[in-house]
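K.L.:
the amino acid sequence is not available; the structure is as follows:
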């Protein structure tokens, strides 16, 4: 299993450009999420999905869109990049459907710089 | 709303010694999970240890153990026999306990940067 994969690993954008951060998992996990990590801020939840076709907002959703057409993929779209979106982005996935905690597996992260 | 606070932005410890990282949290929930994650310079997020709130016994994983004080809403991480490879950012995290199959979203503290010195 490759686990959780993210592409690209690094990206530089200009203000106003759009792009999609890719996230895929091969563990048949129902739950997937996107976090951003900023210095001194920890990780904050952007969007999450509990299954194909179902998404919801997290703590910091503004400026980002998501969709979940398959179990495996959960792309994050930046509609019009802003310098405030300079950050490291993490995708995570886990099983759900049981009344217990299932470990979340994190991808390696994407470092995004918006100039 | 739940919050997680890590009051030590940076700490250092000598190799082979013991260090304790602090974490406090605020919640009105009675059932929840608490975690410590390690993030080395490689940036990968690694689960170190977890604690179920309904368990009174403190979790232990090899050199890592926690001191869980539910009434005080405190969840500290003790690293024994510190090794150079323990150098990393450490994040405390919280999630609610959901019945019926819904996965909980993680709420993270701001992190503690730990340096292990030779």
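P.N.:
That came in fine, so what should we check first? Source: prediction; values computed, not measured. Residues are numbered from 1 along each chain as shown, chains lettered A, B, ... in the order given.
K.L.:
poorly predicted segments of chain B, please.
P.N.:
Per-residue confidence for chain B (pLDDT under 70) gives these ranges: B:98-104.
K.L.:
what do you get for chain A?
P.N.:
Confidence mapping of chain A against pLDDT under 70 gives the ranges A:97-101.
K.L.:
around chain B, pick out the residues from it.
P.N.:
With the criterion set to C-beta under 8 Å from any C-beta of the partner chain, chain A comes near chain B through A:30-31, A:33, A:35, A:40-45, A:48, A:50, A:58, A:88, A:90, A:92, A:94-99, A:101-104, A:106, A:108-109. For glycine as for every other residue, the C-beta is placed from the backbone atoms N, C-alpha and C.
K.L.:
of those, buried ones?
P.N.:
The neighbour-count test (16 or more other C-beta atoms under 10 Å in any protein chain shown) applied to the residues of chain A next to chain B identifies A:30-31, A:33, A:35, A:42-45, A:48, A:50, A:58, A:88, A:90, A:92, A:94-96, A:101-102, A:104, A:106, A:108-109 as buried.
K.L.:
for residue 8, give me its contacts.
P.N.:
In the absence of a named chain, chain A is used. Residue A:8 makes contacts with A:21-22, A:110, as judged by C-beta atoms under 8 Å, 6 or more residues apart in numbering or on different chains.
K.L.:
oops, chain B please
P.N.:
Remark: with contacts taken as C-beta under 8 Å, 6+ apart, residue B:8 is in contact with B:21-22, B:112.
K.L.:
so how far is stretch A:88-108 off the chain centroid?
P.N.:
Taking C-alpha atoms, centre = their mean, to the nearest Å, the mean C-alpha location of stretch A:88-108 is offset from the chain mean by 11 Å.
K.L.:
stretch A:24-37 now?
P.N.:
When C-alpha coordinates are averaged (C-alpha atoms, centre = their mean), stretch A:24-37 and its chain have centres 7 Å apart.
K.L.:
same check, this time on stretch B:45-52
P.N.:
Shown here is stretch B:45-52, whose average C-alpha point lies 7 Å from the average C-alpha point of the whole chain (C-alpha atoms, centre = their mean).
K.L.:
quick one on the thing from earlier: give me the subset of the contacts of residue B:8 lying in strands.
P.N.:
When DSSP state E defines the strands, the subset of those inside them is B:21, B:112.
K.L.:
end to end on stretch A:18-37, go ahead and measure it.
P.N.:
20 Å (C-alpha to C-alpha, to the nearest Å).
K.L.:
swap in stretch B:66-78?
P.N.:
The first and final residues of stretch B:66-78 sit 6 Å from each other (C-alpha to C-alpha).
K.L.:
doesn't residue A:103 fall inside a strand?
P.N.:
No - according to DSSP: H, G, I helix; E, B strand; the rest coil, the state of residue A:103 is coil, so it is not within a strand.
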